[in-house]
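next one to model:
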Amino acid sequence: MTQTQLAASSGVSRQLIGAVEAGRHLPRVDAALALATALGVDVTDLFSDNSGAVDVLTGMSTETGSLVRAGWVGRTLVTAPVRAGRHGWGFPDGIVEDGRLRPFDAGAVGFVVAGCEPGLEILETMLRDQGGGALAVPASSRSAVAALIAGRAHAAIEHGPGEPPPRVDLARFRFATWRVGIAAPPDPAPRWFDRLLEESGPIVQREEGAAAQSALLEALPWRPVTGPVARSHMEAVQVGSHTGLAAVTIEPVAIAAGVAFQPLETHHVDLLVDRRFLDSPAVSAALSLLGSARFLHRLRAFAGYDLGEHGTRVA
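So this is what the prediction gives:
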């Protein structure tokens, strides 16, 4: 079948087919479904190196029956669990059946990013609202960068107190600067932080290797750090409120939660992007939105951010 014949039978342009064949572009899901139907094959077989959906962070096969948010990174189909909060269900893209994604409707191949910045959820929502696809996955800096290097994400958020060495395969954009510290327990006693330094009780912490966890251990080198482990800065404060414990987190989250905060370190927060995808439509749309006044207005609404260098390319 020629490109012209396939374009006619699928209803997409010959130029798009040429770009897909050359590996320069992945089509929207509705166009991908039309191409697969015209060719008489399964859409996952057509556009994925393997037929299985894998979790963004672990790389493990997604369990059958899972409701997921989904995206493609290159030719890899990646998924993340649907968010379920106190007020209701998150928005699923589809359900995984026998390792394959069954989408609920036609969407778009979108920007896949992992990291511990709460603003990524705003980015996902805005990209989806403007008709694009997006998948933002909460993760520590270490887990997010590992997923990026493994090819399961287009981008990752990394933060730390200094300037990390550049990587030739990754472009680095400044997202923000904020402070890492300890959120007070509910109804804190006077001198709560001094007592925390003197005692050896539990603290809501992050996983080993997380940048916030490293800041916590640096601040308390003389005492063991024990307590529940949270998966995100937001979850740390939520667990702290339920358990009555102090929690390591970031200043914007502590302010939003209305709790006292003791800073430990100031961190630069950077968005790392795989250079192979810089010119892809999904990444270009995300970077354009990140630099827009629409996005910045929303992020500035949350206190605790220094956005003076936002969007600056630093490597």
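
leaving out chain neighbours, which residue sits closest to Ala257?
Val237 (4.7 Å; C-beta to C-beta, 6 or more residues apart in numbering). All C-beta atoms are positioned from the backbone trio N, CA, C, and that covers glycine.

ok, now Gly291?
Distances taken as C-beta to C-beta, 6+ apart place Gly311 nearest to Gly291, at 4.3 Å, with adjacent residues excluded.

element containing the one you found, please.
Gly311 belongs to no helix or strand when elements are defined using DSSP states H and E.

for Leu290, see how far away it is.
Distance, Gly311 to Leu290, using C-beta to C-beta, to the nearest Å: 6 Å.

same question, Leu46
Taking C-beta to C-beta, one finds Leu46 at 31 Å from Leu290.

when those two are compared, which one has more neighbours?
Leu290 (21 against 14; other C-beta atoms under 10 Å).

now do the contacts for the more buried one.
123, 173, 175, 271, 310-311 (C-beta atoms under 8 Å, 6 or more residues apart in numbering).

got it, and Ser140?
Ser140 sits next to 116, 206-207, 209-213 when contact means C-beta under 8 Å, 6+ apart.

which of those residues count as buried?
116, 206, 210-213 (16 or more other C-beta atoms under 10 Å).

sorry, back to before: hmm, Glu251 and the residue nearest to Ala257 touching each other?
No - counting by C-beta atoms under 8 Å, Val237 stays clear of Glu251, with 11.2 Å between them.

and these two? which has more neighbours close in?
Taking other C-beta under 10 Å, Val237 and Glu251 do not tie; Val237 has more neighbours (26 against 23).

what residues are up against that one?
Per C-beta under 8 Å, 6+ apart, neighbours of Val237: 183, 204, 247, 249, 253-254, 257, 259.

and what of Gly151?
So Gly151 contacts 73-74, 76, 274 (C-beta under 8 Å, 6+ apart).

hmm, back to that, could you export the contacts of Ser140 as TSV, including pLDDT?
Below are the contacts of Ser140 laid out as TSV (pLDDT from 0 to 100):
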residue	pLDDT
Cys116	93
Arg206	95
Glu207	92
Gly209	84
Ala210	92
Ala211	93
Ala212	95
Gln213	95
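
state the pair within these that is farthest apart.
Spanning the widest gap among the contacts of Ser140 are Cys116 and Gly209, at 12.0 Å by C-beta to C-beta.

what about Ile203, neighbour count?
Number of residues near Ile203 (other C-beta under 10 Å) recorded here: 22.

distance of the nearest residue to it once chain neighbours are set aside relative to Val56?
Nearest residue to Ile203 in three dimensions, chain neighbours excluded: Gly227, at 4.7 Å (C-beta to C-beta, 6+ apart). When distance is defined by C-beta to C-beta, Gly227 is 27 Å away from Val56.

who has more neighbours, the two?
Val56 (30 against 18).

sorry, back to before: what residues are shared contacts of Gly311 and Leu290?
With C-beta under 8 Å, 6+ apart, Gly311 and Leu290 have common neighbours Phe173.

mind putting the buried ones among the contacts of Ser140 in TSV, distance to Asp42 and secondary structure included?
Below are those laid out as TSV (distance: C-beta to C-beta, whole Å; DSSP: H, G, I helix; E, B strand; the rest coil):
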residue	distance to Asp42	secondary structure
Cys116	35	coil
Arg206	40	strand
Ala210	38	coil
Ala211	41	helix
Ala212	42	helix
Gln213	42	helix
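
quick one: contacts for Val43?
29, 32-33, 35-36.

that one and Arg298, how far apart?
34 Å.

do the same with Arg167
With C-beta to C-beta as the criterion, Arg167 and Arg298 are 30 Å apart.

doesn't Leu46 fall inside a helix?
Yes - the assignment for Leu46 is a helix, going by DSSP: H, G, I helix; E, B strand; the rest coil.

do you know how far the residue nearest to Gly291 is from Ala184?
33 Å.
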